[in-house]
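Visitor: Model the structure of this input:
(2 chains)
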Protein chains: 2
Amino acid sequence: MKYSQLFTKTQRELPAQEDAKNAELLLRGGFIRKELAGVYSYLPLGLRVLRKISQIVREEMDQAGCQEVLMPAIAKKESWEQTGRWETVDVLYKLEMANGKHVALSPTHEEVVTPMAQSFSRSYKDFPYCIYQIQNKFRNEPRAKSGILRGREFLMKDAYSFHTSQEDFDAYYENMKDVYKKVYDRLGLGDITHIVAASGGDFSQYSHEFQTLNEVGEDKVFYDTKQNIYYNQEIAPSQAPALESQEPLPSEDVKGENIIGVQALSEFLGIPEERTTKTLFYEMNEGVMIAAVIRGTYDVNEIKLKEVLGCKNLKLADKALVKKITGSEIGYAGLVNLPDSVRVVIDDSMQGVNNFECGSNKTHYHTKNVNFGRDIPEPDQFYDIKTAQKGDLNPETGEVYQVSNAIEVGNIFPLSKKFSEAFGFKATGEDGKPTPILMGCYGIGISRLMGTLVEVFHDDKGILWPKSVAPFQVYLAAISKNDAVYTEAEKLYKELQDAGIEVLYDDRREKKVGPGQKFSDHELLGIPVRIVMSEKTEEKGIVELVNRETGEAQEIQKSDILKHV
Amino acid sequence: MKYSQLFTKTQRELPAQEDAKNAELLLRGGFIRKELAGVYSYLPLGLRVLRKISQIVREEMDQAGCQEVLMPAIAKKESWEQTGRWETVDVLYKLEMANGKHVALSPTHEEVVTPMAQSFSRSYKDFPYCIYQIQNKFRNEPRAKSGILRGREFLMKDAYSFHTSQEDFDAYYENMKDVYKKVYDRLGLGDITHIVAASGGDFSQYSHEFQTLNEVGEDKVFYDTKQNIYYNQEIAPSQAPALESQEPLPSEDVKGENIIGVQALSEFLGIPEERTTKTLFYEMNEGVMIAAVIRGTYDVNEIKLKEVLGCKNLKLADKALVKKITGSEIGYAGLVNLPDSVRVVIDDSMQGVNNFECGSNKTHYHTKNVNFGRDIPEPDQFYDIKTAQKGDLNPETGEVYQVSNAIEVGNIFPLSKKFSEAFGFKATGEDGKPTPILMGCYGIGISRLMGTLVEVFHDDKGILWPKSVAPFQVYLAAISKNDAVYTEAEKLYKELQDAGIEVLYDDRREKKVGPGQKFSDHELLGIPVRIVMSEKTEEKGIVELVNRETGEAQEIQKSDILKHV
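Guide: Numbering: from 1, shown residues only, chains lettered A, B, ... in the order given. So this is what the prediction gives:
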């Protein structure tokens, strides 16, 4: 493509500051244009990148025997009601049709693909298979952010597999990990992208995420070097660093009106934050009350708490209920004198801790120097109900985790029977009896991957696209005021194209576009190789080859160019 | 691809009758699946066809120097308000976001592409250029119908060109006609797809449609063989066949209580329908009243009437207003004794007609045997304000039109300054002064084209895909109970694939899938060539080659296959 024919232009500065590097560089380079927050157009250069990423994903999915389809964004309300998600998925866009009926604008396609698969598959012989698509998703994000990392409309590869046995599913799921690994390898992200155990929702113990380590990532991953395992913060098993045991001090109720919150309390009482506690009250099934107690510097992790309690639904008790149960306002409720009807779950961050502060269950009062066995009963068992933090240990190995920010660039999820049961999807088994169908789903955010690549591969001059997805392989810059150089450049342009090399030929001859502009445009656009032709190089019968990543320049005989690009 | 691995299956019959052949055959073949009326999934075979159509369109657009982008479906409400279309486009889906704001779900992209182009182009030197995309559109159709011919969500190629002079635009527009012609030629539709003059809306005299002649088409096109011109019915200039002049009869008011409508009236009065009249009352600008009069067998064409009147807005007068003006109920209002304040526009279907019926402007009364010059003034001029009908003549040539149903498979539209003005999009001209930008838009319905191909190319056994878009080139059917034939078929399958030929290999070996099923599946799926391998052919060292279209079968030496497919 000739630069002069490209309708987009680079920008030295943006009119408004962006919150993410990918947004800044992609906007400045004219790869994308913002329609509104989280909604972008892909311009000619950007679309080339997006397509190459899509094609890599497509090739690996095809290679794995998956079958490509294209489902619509519009989906039946009835199907979303059948799975119970019409009301519970808060990012679901709902659309009113001319006839007054409503439909969903799909953020994911279980509700479409499950009845589709069901309509074709009746016998165990039809399984397993996997259906995938590369398609635009819609999410009613309250606050879209980070450029194309988290959008309201975005391109996804989503795949769904169908199985008649757990063994078959398990093997397929493991294989899909390898398929994904190949994708990230081809994108140049293999070394920094890891399989991370994540929550399996209500229906599976784990799901797995593919997380690319990067400062701007919204996720935190916890790595145990001994086990070589990554956990998402949301489920990482964790053990708090131990606190020193102290000489027991007499307990004491201290009036601290409106002193709420760990920091305020620690300052007010003159004790370290580690010796405060948080007590959260939850309602479980049929009015069962739970008090979850944790070291003041931690947060209660509801995923873990649910697992400890073996329940699916849990909600924070409101002020009135806490007062009714404990007799005190919510900020002063704690372990001392709790009624027996409340089930107490204490995090192991409290194990071996003494002289700690705790709500007194009297409004405006905190109890200081509480000790287990003296002031409150020593629990039979401590549990891990905390959200892991930097500095925590893996309880299985005793290793301190390495903690990193990461961008989720894919996830795979054992859906088990959740969706097949909702639609009554069974097949006739080998024994002639109805066999339940097990499903897995497998997602890769294509547009998010494009943003991730920019976050990972850039320097202060611009983007550094990996070869596999660069919009062009070569940026050919003609630098001269004379026709002769452009004639030669045009020849080389054709020659390279004939050899199957994608070239962006910077043929601009306006006065204001000097060599500096051409070089900085090349650097911003991040095309792997720059070839420079000028009167000087023409005289010598060479061209200058510049590596975008290293900045290294080489003089190459014209006849040798094809060997070098 | 191996048939046994395809998750879709053909169906002999559909659970419910479809209103269009394309829906029936595509559903039965497992090319598509209906999510809801006008919303379809494209399954593996269907997606292959859709992609091939897209690719043909893409190649021709690229060849013409157009630049591909991908715009989002979500568009800013503010932009749709700026063009005045937020309220006027009735098929616009409006979406509420989490923050309570509304956005549009684009049925077309002028509101996105115009500000996008504007953000990059400042000088006349940047023009002309053309931006296109192949992208999913949304239309809030009250009643989606005809399978994938008219949908609520569908795949479109839409392109937008930008120019700084009328000459430049005109040349570009003419060139785009040739680009479109190439597309239809490559799809095998060239011979029956014609450029048809259509309405240019409020801002241009004409637009042009590409209409594929076909019985199921929603449009009617009028062809003048002498001029070799096609008109869409909505604007076809027309002259009604002349009526015989009669001996003038005395006029007479006849009481016909509740006799309304042409047919009832003609029966009641004992006159041919051709000698009744319709009078429609309209309100034009600032309360100007119009009486539009036409031969009873015709309909008033508002596009033509607006042009005659030189106005953009016209609305039918309500009952009360008609009564106020004429003194009579709406069905009895007519030409006799009309107040001078009403401007009368009489269609040329009335020219030379005498002894006609006409509303008497007295409730329940019709006047019979009305004659111009005697009962009502002979008008200075008759106009063409009718919607053309079969049997009409082209007034320019006097030729009777050939009338056909047709499917609109593309349209090109001179947008002139409509959208650039709305966004204040101008460029600096050669003279340094601001130059207005002229735009054109160019659409091709990709999914509609797929449906059109099925409507045009099918027989009673199934689809007949043109080679250029067939999901596979070859259907390889192995017919045997013995492994040996399948081993040989597998070999041939690989050989053909290695030669770059797309093969659907029917390797099914279940008892219930006999030769009959395999052959009828092939016929339904419409793959151009069937290769049959059986014990019989193996013995002879040949294969059987069947042409799907002609049914012709040939025996071919195995070694010669590549020459034949």
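
Visitor: Quick check: nearest residue in space to residue A:91, chain neighbours excluded?
Guide: Once flanking residues are discounted, residue A:91 sits nearest to residue A:139: 4.3 Å by CB to CB, 6 or more residues apart in numbering or on different chains. For glycine as for every other residue, the C-beta is placed from the backbone atoms N, C-alpha and C.

Visitor: What of residue A:342?
Guide: What sits nearest to residue A:342 in space, not counting adjacent residues and going by CB to CB, 6+ apart, is residue A:289, at 4.6 Å.

Visitor: Report the contact partners of that neighbour.
Guide: Residues in contact with residue A:289, defined by CB atoms under 8 Å, 6 or more residues apart in numbering or on different chains, are A:281, A:282, A:283, A:317, A:321, A:325, A:341, A:342, A:343.

Visitor: which one of the residues you listed has the most neighbours?
Guide: Neighbour counts for the contacts of residue A:289 were taken using other CB atoms under 10 Å in any protein chain shown; the highest belongs to residue A:282, with 22 neighbours.

Visitor: how would you label the closest residue in space to it that isn't next to it in sequence: helix, strand or coil?
Guide: Of all residues not flanking residue A:282 in the chain, residue A:290 sits nearest, at 4.3 Å (CB to CB, 6+ apart). State at residue A:290, reduced to three classes by DSSP: H, G, I helix; E, B strand; the rest coil: strand.

Visitor: Residue A:520 and residue A:477 touch, don't they?
Guide: No. Shown here, residue A:520 and residue A:477 do not form a contact pair, counting by CB atoms under 8 Å, at 10.9 Å.

Visitor: who has more neighbours, the two?
Guide: Between residue A:520 and residue A:477, counted using other CB under 10 Å, residue A:477 has the larger neighbour count: 26 against 14.

Visitor: so that one sits in a helix?
Guide: No. Residue A:477 is assigned strand when assessed by three-state DSSP, not a helix.

Visitor: For it, give me its contacts.
Guide: By CB under 8 Å, 6+ apart, the contact set of residue A:477 is A:506, A:515, A:518, A:519, A:522, A:530, A:531, A:532, A:533.

Visitor: what's the answer for residue A:390, then?
Guide: Neighbouring residues of residue A:390 by CB under 8 Å, 6+ apart: A:401, A:403.

Visitor: Apply 6 Å and report the result again.
Guide: residue A:403 (CB atoms under 6 Å, 6 or more residues apart in numbering or on different chains).

Visitor: can you tell me which helix or strand it belongs to?
Guide: According to DSSP states H and E, residue A:390 maps onto no helix or strand at all.

Visitor: that older thread, how much space is there between the residue nearest to residue A:342 and chain B?
Guide: For residue A:289, the distance to chain B (CB to the nearest CB, to the nearest Å) stands at 33 Å.

Visitor: So what sits opposite that residue in the bridge?
Guide: Beta-bridge partners for residue A:289, by DSSP bridges, are residue A:283.

Visitor: again, but for the one 4 residues further on
Guide: Applying DSSP bridges to residue A:293 yields these beta-bridge partners: residue A:279, residue A:346.

Visitor: got a pLDDT number for it?
Guide: Each residue has a pLDDT score; the one for residue A:293 is 96.

Visitor: From residue B:456, how far off is it?
Guide: 74 Å (CB to CB, to the nearest Å).

Visitor: Show the buried residues in the contacts of residue A:477.
Guide: Neighbour counting over these (16 or more other CB atoms under 10 Å in any protein chain shown) leaves A:506, A:518, A:519, A:522, A:530, A:531, A:532, A:533 as the buried ones.

Visitor: Give the helix, strand or coil label for the third one.
Guide: Each residue gets one of three states, and residue A:519 gets helix by three-state DSSP.
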